[in-house]
Each structure stands twice: as C-alpha cells, then as structure tokens.
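In: need coordinates for the below:
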Amino acid sequence: MSLGDIKLNGKHYRIATNQYRRRDVTDFSPRSGTPGGSVLYSELGLFQPQLQTSWLHGFGANWYVDNMAYMRTEGNIDTRHDGIAMMYTASTSSDTNNNVKEGFCNWNNAQWSWGVGGLRKYSGGAWTSAYSTLAVNYAFPYGDYLIYCPNGARIQKVNTSDVHTDAGNDTATIDFKGLIAHSGYVYGWIDNTNQIHRDSTADLSDMEGTTADVNIIYAGASNSPILNFAEYAAYLYAARADGLWQIGEDLIARRMLDFSAETSADNFRSMSVFNGYLLFPIRDKVYQWNGARLSDVTPPRLTDTFPYTTYGRFDNFVAMGKYLYVTARTNETTYSEDLLAYDGVAWFKLARLVDSSTTATITAMGYDTVNDYLWYHLDTTADITYYIQNQSRSDLPYANFPTTGTHELIFSRWDCGYRRVTKSCTSVLMETSNCSSNSYLTLYYALDGGSWINWADIKTNGVTELTLPGGNQSVEFKYIIFKIKFTTSSATNSPILEGLTMRFLMRPKTVYGWSITIPIAHGMDIGELTEGKTSKEIVADLDTARESESPIEFEDVVGEHYYVYISSKTESLVEINRDAMGDTHGLEYVSNLSIVEAK
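Out: Predicted coordinates for the structure are as follows:
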C-alpha cells in the first residue's frame, strides 16, 4: 500500500515530483583564509596554496600551536634570518691536549681556558702549553691581571708580561671556586662551601680565605655550596642548588628566589644576563627573571609523536650580540647535546655538538671577541676543544659549512586548517637560491604519520614546481609533513631555502542535499489514503522536523534511508477555502524544504 512519496521524521508526504532535486552540497571551493592558524594566499584556480616564506618561528612549534611553523632541525641548520633558511657554520677542532676545560675568558688580547690541565692561552692562531700545571677552578680577567684559582692551592695572578705571582692575603687564601667584580670589590667563594670573601685591591693582595675574615659573607646555611655568581640590575647574586641569594653592601645574603623544593645538581649550572633579564636553568627548565617576576622560557618539545623528545640539562649560557647561546641535552637515554640560540622570543637549534653514539658532554663554552670564535670543549674519550667562527659585523653564519653529515629542516604538520578533512596535493613550489649540482636541496614528505618519501632534488634557483609526488599524479592526506635536506660539497656555499608552497584541494566526505516541494491541504490524497490532518497540523509536523536539534530520519523517493537536517523551510499560501457564511474553512499551502544529509 502506498503511503506517499517520501517519509520525513516518521511522517509520510506527497511531493511535487517535477520539483524534486538531489544535489551534492560538499564544499571545497577556494578560500582566502581558514581557521586553525594556517595562512592561505588567494590564487585564481581550483587549488589553494599554502605558503611558508619565514623561518623565524623557532623550533618546537607543534602543529596545533602553529600550523605554519617548522618543528625542528637536524645537524647544522640556521633559521634565524628573515626569509631564508641555510646551513650553519661547522665546528673546527683546535686544542687537543686531552684535558677537560671548565671555562673560557678574554684577557690581554687573547683567549684563555682553564681546567684540570691548568691555564692555557690561545694567541696567534695556536694554543700555548699550560701556564700552570695545577688544576684551575676559575680564571678572572681584572685590569692588568688575570687572576686564577688553582684547585686546593693559593690564588695566583699573571700580568701582561706573563709573570705569575701569588695573590691573596696569605697562604690561607686557597681553593677559591669563582670570582666576580661588583661595586668596587672583587668577590670570591670557596669551593664546596657557602663562604664569600671580598677585596678592593687592584691585585687582590688583601683577599682573605678563612672564617677569620671579619667581612665574610655566608649565603644561606652550610648544607648547600655556592654554584655560581651573577651581577644583575646593580646587585650581586650568589646561586645555590636551592635558591638565589642577593649579596648586600651590609655583608648580608638574602634569599630572593627559593627553589628548595626543586633542589637539583642541574640548577644554576650556568647564568647569564640577556635582554635585560637574568636567565638560568632550574632542573630541566630555563627561567628568566626581571628582579620581581619569574617566567618560564623553556624550549618546547621537539616531536609530536610518542615517545616525545624534549630538551633539558641546560648549561654554558653565553650572551653574545642579539642571541643567548646555550647547550642542552635531549631527554633520550642515549642523549644528544645541541647548540641552541635564544633571541628573547624564540629558540633556534644551530648545531649538534654531541650525537647519541657517545656519552660525551660539553663542559665549557665562551665567546672570543678577538677572533670572533664561539669556543666549546668536548669532554669525551679523547678531550678536544672546538671553535665555531662567526662573521664580523654580522649575525649570518660564517661560510665554513659542513660537507658531511645530515642537515635537515623538518616542518610541522600541515593540515591546511582542517585536521579531519582529506586534502589532495598535486604539486609543490620551491623558492630557492645559491643552488647548483654541488649545493642543493632535497624535498621529502610523509603522509599522516607515515614514512618519509623522496620527492625531488632542487638544483636550480628561483621558483621550481615539483609535480608527480612519489611518482603519483597526486597524494591524499589528512596532514602532511615536509622535510628539506641541505647538501653541499663546498664548505663556502650553502643552498638557500626561501619559501615552499603546497598546492592542495579540499576533498571532504561527499554530503548530499535535497530540494523538495510538499503540497499541504486537508483531504488530499496520499497514495491510496486520504489526508486526515488539517493544514495547520501538517505545518506543525514540518515545524517539529525543522526545529529538531538531532538528525531526523528521511526516506527518499526510491526508499533509501538517511539521517538529515531540514536546513530551511518556506510555506507559500495557495488558497483559502471559506464556507457560505464567509468563515475560513481550510488553507492550502506549498511548502519548500531544503534537506541536508547529517554526515
């Protein structure tokens, strides 16, 4: 028995069959912008372009934070400069005397290092032999002297004529760990203690080192030794594993920051003043302090899949120019140790100094203003000192690029602002310069967390359109990750990446809609039945279906079942029926419905 042409929300209806329409309502038309943080640029065509031409986000920008960022780099890659990504300067080995170095400083137009092998000097392009055979805890440039602190022995000084003599008040001035100048005095602390002494003489001839010193200062209780000194905002600070103390002119140390609940051997491993802040590590975090407020500026994580990779054990803080240079280890069991740069906003990874194949560590780092070198020391089976040369009067990398190893820039996920919608990509545009057959870029891609696929080498300059990804006409994905490998066989040349544009098409699931016209009248035939409801009751049934907040059942003219929403409804009055007295007897309508599949 026929009950009507369609069934909607459990009710049967007759329709005007010549006005029945079923259409595809899926929308993947080009847009100038989408939600989710992606940047899209208009293009007159079916495909939408997603473009990246800036690499200044810093590493660690996860896809849900910034869909247009890169996530990390491997090897030596420099992303600090506006509009370009290039290789970073390779390290050059220098001192190979196989003694661990604990620090570097500049004095008397030369670079000096200290450590268990004593005090050493770099001048004229070479390291001299040890100036002292004593293990040295610290060296401090102070006017006409370089003051150095032998381990377990009396403070020494060397003048500009390379003459070494005793410093300090007497033979009890021994085992100092560090020195700093502040407000007309030189302050020093005794190794593995909380004791601080000071002296105002130019040659440190009156520095005392015993508890009999009437001007001795104790930084906190004796349970935790001093680890570091810093001068910041006209105040002197002493750091211990459990906090930061301010040293007053009244010879009293007052704790300004309390980290007793986070006491760790990694606290205050290093400290530096940068961009008007005092920066230091606490466990596996980096904090910046303005004297009143403490802010966490730790680099974000490096990967977005389990097990997640992060940085920790931050050390060797060196402020130079517009960057703070820091070494950091990954949280992996077989860790890597990398050189990072911080510009006050974002972090950049510049080079891998220790790979996961060793258990080596970086024990010291310092900037050489005479030679424009960033020195660092690698404590390994055969200890060795390296330098990274910098350009004079420029923050761009010095042209001594690595010709071996793997050097890559890995993008964040590109989901084009719609994470769960399938996209189709047919081509990518690469903007490059300084490329040749010996200095080139290689583009890789990975779909939805899959393995890397080699797309093409780019050995030409300008804009190059790459087609046939993986040999296919197109690739489809929810998200795509790009990786660009930098290769050069010339130490003086680096390929330059200026931009990458992916051309894509939205391919969401197909959704259908219907346009249906329903005549409404009392007593109207519906198949072999007669409509018993009034027009008012039929309109009310359609209103209920339109207002439903959950999908309603729909059976179309061929008996197919769907769950749908009524997206719009319009009633047009056709006729008013009145009786002999002129009273309204009934109304006849035509109702136009737009129905959309709920999918």
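In: pull the CA atoms of whatever helix or strand residue 317 lives in into CSV?
Out: Under the criterion of DSSP states H and E, residue 317 resides in strand 311-320. Output of strand 311-320 as CSV, limited to C-alpha atoms (Å, rounded to 0.1, in the frame of the first residue of the first chain):
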residue,chain,number,x,y,z
TYR,A,311,65.5,19.4,25.9
GLY,A,312,66.9,19.5,29.4
ARG,A,313,70.1,19.9,31.4
PHE,A,314,70.7,23.4,30.0
ASP,A,315,74.3,24.7,30.5
ASN,A,316,77.0,27.0,29.2
PHE,A,317,75.0,30.2,28.8
VAL,A,318,76.8,32.8,26.6
ALA,A,319,75.2,36.1,25.7
MET,A,320,76.7,37.5,22.5
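In: what strands line up against the helix or strand following it, and which way round?
Out: Using DSSP H and E, the helix or strand that follows strand 311-320 in sequence is strand 323-330. Strand 323-330 has its sheet partners listed here by DSSP bridges as strand 311-320 (antiparallel), strand 337-342 (antiparallel).
In: which one of those strands is the most hemmed in?
Out: Of all these, strand 337-342 has the most neighbours on average by mean count of other C-beta atoms under 10 Å, namely a mean of 24. No exception for glycine: its C-beta is placed from N, CA and C like everyone else's.
In: quick one, strands of the stretch 301-450 of the chain?
Out: Assigned by DSSP state E, counting those that start in this stretch, the stretch 301-450 of the chain shows strands spanning 311-320, 323-330, 337-342, 347-354, 361-368, 373-379, 384-389, 408-411, 423-433, 439-447.
In: would you convert those strands into TSV that also reports mean pLDDT?
Out: Output for these, formatted as TSV (pLDDT from 0 to 100):
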stretch	mean pLDDT
strand 311-320	97
strand 323-330	97
strand 337-342	97
strand 347-354	96
strand 361-368	97
strand 373-379	97
strand 384-389	97
strand 408-411	94
strand 423-433	95
strand 439-447	98
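In: compare those strands and give me the one nearest residue 501.
Out: Closest to residue 501 of those, according to C-beta to C-beta: strand 423-433, at 4.1 Å.
In: quick one: contacts of the strand holding residue 317?
Out: If you take C-beta atoms under 8 Å, 6 or more residues apart in numbering as the criterion, strand 311-320 is touched by 266, 269-274, 279-281, 283-284, 286, 298-299, 302, 324-331, 338, 340, 362, 364-367, 374, 376.
In: for PyMOL, what selects the buried ones among those residues?
Out: Buried subset of the contacts of strand 311-320, written as a PyMOL selection, criterion 16 or more other C-beta atoms under 10 Å:
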select buried, resi 266+269+270+271+272+274+279+280+281+284+286+298+299+302+324+325+326+327+328+329+330+331+338+340+362+364+365+366+367+374+376
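In: where in the stretch 451-599 of the chain is pLDDT low?
Out: Applying pLDDT under 70 to the stretch 451-599 of the chain flags residues 526-527, 579-585.
In: for it, just list every one of the strands.
Out: Ranges of strands within the stretch 451-599 of the chain are 453-458, 462-467, 475-477, 480-488, 496-506, 512-520, 525-526, 529-530, 552-555, 561-578, 584-597, based on DSSP E, counting those that start in this stretch.
In: quick one: closest of the strands paired with strand 323-330 to residue 133.
Out: Of all those, it is strand 311-320 that lies closest to residue 133, at 25.6 Å by C-beta to C-beta.
In: now the angle from that closest one to strand 373-379?
Out: On the basis of axes from the mean of the first three to the mean of the last three C-alpha atoms, to 10 degrees, strand 311-320 is oriented at 150 degrees to strand 373-379.
In: begin at 28, not 1, for the rest of this chat.
Out: In the new numbering, first residue 28, that becomes strand 338-347.
In: tell me how far strand 338-347 is from the chain's mean position?
Out: Chain-centre distance of strand 338-347: 16 Å, with C-alpha atoms, centre = their mean, to the nearest Å.
In: got the angle for that strand vs strand 374-381?
Out: Using the same axes, to 10 degrees, strand 338-347 lies at 110 degrees relative to strand 374-381.
In: re the thing from before, could you dump the strands of the stretch 478-626 of the chain to TSV with distance to residue 195?
Out: Formatted as TSV, the strands of the stretch 478-626 of the chain follow (distance: least, C-beta to C-beta, whole Å):
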stretch	distance to residue 195
strand 480-485	63
strand 489-494	66
strand 502-504	69
strand 507-515	53
strand 523-533	55
strand 539-547	90
strand 552-553	110
strand 556-557	113
strand 579-582	91
strand 588-605	87
strand 611-624	87
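In: now those as CSV including mean neighbour count?
Out: Shown next, in CSV, are the strands of the stretch 478-626 of the chain (neighbours: other C-beta atoms under 10 Å):
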stretch, mean neighbour count
strand 480-485, 16
strand 489-494, 13
strand 502-504, 18
strand 507-515, 22
strand 523-533, 21
strand 539-547, 19
strand 552-553, 13
strand 556-557, 12
strand 579-582, 18
strand 588-605, 14
strand 611-624, 17
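In: who wins for proximity to residue 213 among those strands?
Out: With respect to residue 213, and counting by C-beta to C-beta, the nearest of the strands of the stretch 478-626 of the chain is strand 507-515 at 47.1 Å.
In: kindly reformat the strands of the stretch 328-477 of the chain as a markdown table containing distance to residue 275.
Out: Below are these laid out as a markdown table (distance: least, C-beta to C-beta, whole Å):
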| stretch | distance to residue 275 |
| --- | --- |
| strand 338-347 | 25 |
| strand 350-357 | 28 |
| strand 364-369 | 31 |
| strand 374-381 | 35 |
| strand 388-395 | 30 |
| strand 400-406 | 35 |
| strand 411-416 | 39 |
| strand 435-438 | 49 |
| strand 450-460 | 57 |
| strand 466-474 | 57 |
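In: for those, which one sits closest to residue 566?
Out: Going by C-beta to C-beta, the one of the strands of the stretch 328-477 of the chain nearest residue 566 is strand 450-460, 43.3 Å.
In: show me which residues of that closest one are buried.
Out: Neighbour-count burial for strand 450-460, counted by 16+ other C-beta under 10 Å, picks out 450-455, 457-459.
In: pull up the pairing partners for that strand, direction included.
Out: Take DSSP bridges as the rule and strand 450-460 pairs in its sheet with strand 489-494 (antiparallel), strand 502-504 (antiparallel), strand 523-533 (antiparallel).
In: touching stretch 499-508 from outside, list them.
Out: 90, 437-442, 446-453, 472-475, 496, 529, 534.
In: quickly list the domain ranges of this protein.
Out: 33-53+540-624, 75-115+434-533, 128-290 (automatic domain parsing).
In: what about the first one, distance to the chain center?
Out: This means domain 33-53+540-624. Computed by C-alpha atoms, centre = their mean, the chain-centroid distance of domain 33-53+540-624 equals 56 Å.
In: try stretch 317-333
Out: Going by C-alpha atoms, centre = their mean, the spacing between the C-alpha centre of stretch 317-333 and its chain's C-alpha centre is 10 Å.
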